[in-house]
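Q: Attaching a predicted model along with its sequence, questions to come.
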Amino acid sequence: MVRSLLEDRFQYSAHLEKRDGQVYALQVVKPGLGLKPHPDGAPCTLSPAQMGEKQYPHAYPDYKGVLPRCGVFNRELSHAGERRFELLDVTMQEIAEFLGQQLLFLGQQPSLQIVDRTGLEGRYDAVLDVAPSSLQQGPDPGDEVGAPMLPTALEKQLGLKLDKQNAQVDVFVTDHMGTLSEN
């Protein structure tokens with residue numbers, strides 16, 4: 001319906017094509033570091049030590065109000081923008097897609113597609129604490145937790161890294177755009 005509207009009203013047409021470009025390849029550098037296989041049928045939970053309620057008193061939402069759940073969940077650890085990503089019962093492809101969405105938000109690297117090149121099958125659990133490229137001073141500097149930026153956090157906490165590589169990428173190409181038609 002939207003395509004039809006664009007074609008009729010704006011005489012717009014476009015397509016996707018493959019071109020040489022760059023991607024970030026998600027790779028394993030230290031197997032088993034913080035990435036743990038999720039047992040089939042097991043609930044999605046974190047241990048009290050992983051929650052670190054005393055270590056992260058300003059976590060929002062707090063663990064008493066919002067318990068961990070399956071999928072990807074994002075908690076604010078400090079008013080300075082430090083984050084905790086809880087990745088529970090997720091595939092490596094889901095982790096790659098999530099990281100791709102977060103790169104721009106964290107302001108740490110240009111937004112390139114992230115592709116899973118770990119070779120890891122199955123579902124995993126992990127917790128990743130990260131800081132944006134520049135911490136913004138919060139009302140209480142004492143609530144900062146000292147989380148590392150994403151590349152360091154990935155390697156030290158999960159044993160993964162992002163490696164820039166050449167690859168075939170999808171590019172959105174506009175074929176034609178005309179003038180507006182009457183009403």
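A: Yep, it's here. Residues are numbered from 1 along each chain as shown.

Q: Now the residue nearest the centre of the chain: which helix or strand?
A: For the chain, the residue nearest the mean C-alpha position is Leu99 (2.3 Å; CA atoms, centre = their mean). Leu99 is part of helix 92-106, with elements assigned from DSSP states H and E.

Q: helix, strand or coil for Ala14?
A: strand (DSSP: H, G, I helix; E, B strand; the rest coil).

Q: which residues sit in contact with it?
A: Shown in contact with Ala14 (CB atoms under 8 Å, 6 or more residues apart in numbering): 172-175. Every residue, glycine included, has its C-beta placed from N, CA and C.

Q: If we use 6 Å, what do you get?
A: Taking CB atoms under 6 Å, 6 or more residues apart in numbering as the criterion, Ala14 is in contact with 174-175.

Q: so Cys44 sits right up against Cys70, yeah?
A: Yes: taking CB atoms under 6 Å as the definition, Cys44 is a contact partner of Cys70 at 3.9 Å.

Q: Name the residues contacting each of the two.
A: 88-89.

Q: Okay, and the beta partners of the closest residue to Arg117 other than its chain neighbours?
A: Spatial nearest neighbour of Arg117, chain neighbours left out: Ala25 (4.2 Å); criterion: CB to CB, 6 or more residues apart in numbering. For Ala25, the beta-bridge partners are Val115, Asp163 (DSSP bridges).

Q: And the helices in this structure?
A: 2-10, 48-51, 92-106, 150-153 (DSSP state H).

Q: Pull the contacting residues for the residue nearest to Arg117.
A: For Ala25, the contacting residues are 115, 117, 163, 165, by CB under 6 Å, 6+ apart.

Q: where do the strands sit along this structure?
A: Here the chain has its strands, by DSSP state E, at 13-28, 36-37, 71-76, 83-90, 114-116, 124-130, 160-176.

Q: Ala147: which of these is closest?
A: Proximity to Ala147 (CB to CB) singles out strand 124-130 among the strands of the chain, at 4.3 Å.

Q: now stretch 65-79, how far from the centre of its chain.
A: Stretch 65-79 sits 14 Å away from the centroid of its parent chain (CA atoms, centre = their mean, to the nearest Å).

Q: now do stretch 2-20
A: 28 Å.

Q: try stretch 43-57
A: Distance of stretch 43-57 from its chain centroid, counting by CA atoms, centre = their mean, is 20 Å.

Q: now swap in stretch 42-55 and tell me
A: 20 Å.
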